[in-house]
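**Student:** With the input below, show me the fold.
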Amino acid sequence: MKKVYFASRIPEHPETFTVLEIDEKVSVDEIGRKYGDKIIDRGSYIHNGPWILRAPSGDGDFLNKLPEELTTAQVWNMVKEKIESSDVVIGLVNTKSFGTIAELGYACKCPRVAVYVLPDLDVTPEQLSDLWFIFNMSVETQDRWNDEDIRLISKFAECDIHSVSDYEEFISGIIPNFMR
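**Tutor:** Numbering: from 1, shown residues only. Sure, this is the predicted structure:
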């Protein structure tokens, strides 16, 4: 069964299964173990991450506290390991998804990972043309794309993409303003 990593900006109201239950009393090593070990069996694929360390509270803040010893470098290492252990990375991008774009760039250089990029449903055509670069970066993994991946993930159908050829056509239609 394929392991799929879903890169996206942390939503205001994340699905509870994506939140890793930790608090400031947990050791950094234990956070790393929990993050690395967590998977969700979806029947047709394994949801391999990422996992949210602190859930948003709804008022612009986050719940719980993290151990003071936890560094951003340690979090990035946990994320990299999840990406590297995945078969597929799906990135949902918008004009504020800087971390997602970095995850996708990293995933494109992982030798066995198929990378697909989709726009958030609220992305305008103008914004989509500004995001052209990341969509085209994913083409580096085109030799790993397949119709099965596209059928597994409902986000593709939401974008009216049902095959690799549909996906290729979608990407080729994203034209930056400077090329119009």
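
**Student:** tell me the contacts of the closest residue to S27 other than its chain neighbours?
**Tutor:** For S27, the nearest residue in space outside its immediate sequence neighbours is P67; the separation is 6.9 Å by Cβ to Cβ, 6 or more residues apart in numbering. For glycine as for every other residue, the C-beta is placed from the backbone atoms N, C-alpha and C. If you count contacts by Cβ atoms under 8 Å, 6 or more residues apart in numbering, P67 has them with 24-28, 31.

**Student:** tell me which of the residues you listed is nearest to R54?
**Tutor:** Closest to R54 out of the contacts of P67 is E24 (10.3 Å), distances taken as Cβ to Cβ.

**Student:** was I right about that closest one contacting N64?
**Tutor:** Yes: the pair E24 / N64 is scored as a contact, 7.3 Å apart, by Cβ atoms under 8 Å.

**Student:** Between these two, tell me which one has more neighbours.
**Tutor:** Counting neighbours by other Cβ atoms under 10 Å for E24 and for N64 shows that N64 has the greater number, 14 against 11.

**Student:** Adding pLDDT and distance to I150 as columns, could you present the contacts of P67 in a markdown table?
**Tutor:** Written out in a markdown table, the entries for those read as follows (pLDDT from 0 to 100; distance: Cβ to Cβ, whole Å):
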| residue | pLDDT | distance to I150 |
| --- | --- | --- |
| E24 | 81 | 41 |
| K25 | 87 | 43 |
| V26 | 89 | 38 |
| S27 | 93 | 40 |
| V28 | 93 | 38 |
| I31 | 94 | 33 |
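
**Student:** And what about D23, helix, strand or coil?
**Tutor:** Using DSSP: H, G, I helix; E, B strand; the rest coil, the structure places D23 in coil.

**Student:** Double-check it against L63; I have them as touching.
**Tutor:** No: under the criterion of Cβ under 8 Å, D23 lies out of contact with L63, with a separation of 9.5 Å.

**Student:** quick one: low-confidence parts of this protein?
**Tutor:** Counting by pLDDT under 70, the chain contains no low-confidence residues.

**Student:** Would you map the strands across it?
**Tutor:** Read by DSSP state E, the chain holds these strands, from start to end of the chain: 3-8, 40-41, 46-47, 88-93, 114-119.

**Student:** What residues does W145 make contact with?
**Tutor:** Here W145 is in contact with 114, 116, 164, 167 (criterion: Cβ under 8 Å, 6+ apart).

**Student:** tally of neighbours for the third one?
**Tutor:** Here the number of neighbours of V164 (other Cβ under 10 Å) works out to 16.

**Student:** ok, now the last one?
**Tutor:** Neighbour count of Y167, defined by other Cβ under 10 Å: 24.

**Student:** Skip the chain neighbours and tell me the closest residue to it.
**Tutor:** The spatially closest residue to Y167, leaving aside those adjacent along the chain, is I161, at 5.1 Å (Cβ to Cβ, 6+ apart).
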